[in-house]
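>>> I need the structure of the sequence given here:
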Amino acid sequence: MFLMVLTMKNNKTELVVKSNRLNTAIQNLSLAEIRLIQLAIIDSREQNKGLSSDTPLRINAMRYAEVFEVSKQTAYEALIDAEANLFERRFTFMDERDLKVKSRWISQATYIDGEGAIEVIFTPAVVNEITRIDGIEQFFTKYTLEQTAQLKSLYAVRLYELLIQWREARKTQLFELETFREQLGLGVNDYKRMSDFKRRVLESSIKEINEKTDIKVSYTQEKKGTTIVGFKFVVREKSKPKTGQVAESRDVDNGDLFTIDGLSDKQLWRISRHKEFISTYSDLARGDAGKNWTAYSDFIVGEIKKDASKFSKKRPIREYLDGNEADYDFSR
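Reported below is the predicted structural model:
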């Protein structure tokens, strides 16, 4: 099984459920096409349509516009574009025998001129899995539609989908570079230079995810010699404010969330001695704080309390608590 969908009452909280295998499939959908597939997956189960050649699934421009908060004109254009191109889109996944399978998403697309609607029919490969809801929980990736509805970048949506299945584990395995690029929908000649890939795809997507979704993401790069061969990610769920409390403070410039709520002075002091933290922020210390390590830590703790957003270059402050003892310098 590789696809299952559940629905909830509010169209923004409808639950998209994919198997990990489909979720990590190599694909090349546009942002509008990903959004239409999300709606089609949800609506096909809710309406029991689009599951055979006799019952095409109808998606109206108004539904698209409401869910993704775009103009009617943008929604109409998305449907027209889908009718022209979605039929040609393919994805690749590995089946139970570990064999590579190639499939289209839909076998039919019809744009209904004058009504602002499109009708689609899923391919048998997709239909067979939508109708089989007997999978094992841990093999599926779930997220509510509202988490990606606000994302404006195709790469941010795909990165969110790829990372959300690691929400419980918190840390991912290695995303090997070439496969990772294909999973994001990049062509061979797209952002070939690593600096462009990191700036235009990876880091911009992480920034948008951190600002607009329910998770916070950071990454490290893996090298073979001097060549980057892939990336690993840390995935954290954002804490939900308790009743009557103000939500976490937001750094408006980078969109990430930084908070010291619940962190003791002892924990902040420990953070100040994380080697990566020291290499990133030690230049902030001046005078006595720059000469004495105890004074340095006291200074940093005070600065974090004043404005945690200053410590936002690489990752959320809390993550510096998760290191091994070898990651800290307590000797000075």
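>>> I'd guess Leu86 is in a helix, am I close?
Yes. Judged by DSSP: H, G, I helix; E, B strand; the rest coil, Leu86 forms part of a helix.
>>> Surely it touches Thr110?
No. Leu86 is beyond contact range of Thr110, at 11.1 Å (criterion: CB atoms under 8 Å). No exception for glycine: its C-beta is placed from N, CA and C like everyone else's.
>>> which one of the two has more residues nearby?
Just comparing Leu86 and Thr110: by other CB atoms under 10 Å the higher neighbour count belongs to Leu86, 22 against 13.
>>> State the distance from the more buried one to Ile118.
With the distance defined as CB to CB, to the nearest Å, Leu86 ends up 9 Å from Ile118.
>>> can you list residues touching both of these two?
The contact sets of Leu86 and Ile118 overlap at Leu36, Ala109 (CB atoms under 8 Å, 6 or more residues apart in numbering).
>>> So the closest residue to Thr110 other than its chain neighbours, which state does it fall into?
Nearest residue to Thr110, sequence neighbours excluded (CB to CB, 6 or more residues apart in numbering): Glu119, at 4.5 Å. Following three-state DSSP, we place Glu119 in the strand state.
>>> ok, now which ones touch Glu119?
Glu119 sits next to Pro56, Leu57, Arg58, Ile59, Gln108, Ala109, Thr110, Ile112 when contact means CB under 8 Å, 6+ apart.
>>> and which of those is nearest to Ser279?
Ile59 (50.6 Å; CB to CB).
>>> thought the closest one was touching Leu39?
Yes. Counting by CB under 8 Å, Ile59 does reach Leu39; the two are 5.5 Å apart.
>>> What segments of the stretch 1-150 of the chain are helices?
Applying DSSP state H, counting those that start in this stretch to the stretch 1-150 of the chain gives helices spanning 20-23, 31-47, 61-68, 72-85, 124-130, 145-149.
>>> now those helices in a markdown table, with mean pLDDT, mean neighbour count and distance to Lys216?
Listed next are the helices of the stretch 1-150 of the chain as a markdown table, based on pLDDT from 0 to 100; neighbours: other CB atoms under 10 Å; distance: least, CB to CB, whole Å:
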| stretch | mean pLDDT | mean neighbour count | distance to Lys216 |
| --- | --- | --- | --- |
| helix 20-23 | 72 | 19 | 20 |
| helix 31-47 | 85 | 21 | 22 |
| helix 61-68 | 91 | 19 | 23 |
| helix 72-85 | 89 | 17 | 29 |
| helix 124-130 | 73 | 18 | 31 |
| helix 145-149 | 88 | 20 | 13 |
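>>> Which one, of those helices, ends up nearest to Phe93?
Set against Phe93 and scored by CB to CB, the helices of the stretch 1-150 of the chain come closest in helix 20-23, at 5.5 Å.
>>> And that closest one, what does it pack against?
Applying 3 or more CB pairs under 8 Å, 6 or more residues apart in numbering; DSSP states H and E, we find helix 20-23 packed against strand 90-94, strand 140-144.
>>> Rebuild these as CSV, extending it with mean pLDDT and distance to Val16.
Output for these, formatted as CSV (pLDDT from 0 to 100; distance: least, CB to CB, whole Å):
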stretch, mean pLDDT, distance to Val16
strand 90-94, 86, 16
strand 140-144, 74, 6
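>>> Can you give me the buried ones in the helix or strand hosting Tyr155?
Using DSSP states H and E, Tyr155 sits in helix 154-164. Neighbour counts over helix 154-164 (16 or more other CB atoms under 10 Å) mark Leu154, Tyr155, Ala156, Val157, Arg158, Leu159, Tyr160, Glu161, Leu162, Leu163, Ile164 as buried.
>>> name the helices or strands packed onto that helix?
Under the contact definition 3+ CB pairs under 8 Å, 6+ apart, helix 154-164 sits against helix 31-47, strand 140-144, helix 145-149, helix 177-184, helix 204-212, strand 215-224, strand 227-237.
>>> so how far is that helix off the chain centroid?
3 Å (CA atoms, centre = their mean, to the nearest Å).
>>> Need the residues that contact that helix.
In contact with helix 154-164 (CB under 8 Å, 6+ apart) are residues 18, 23-24, 29-31, 34, 141-143, 147-148, 151, 172, 175, 183-186, 201-202, 204-206, 208-209, 213, 215, 217, 233, 235.
>>> No further queries at this time; thank you.
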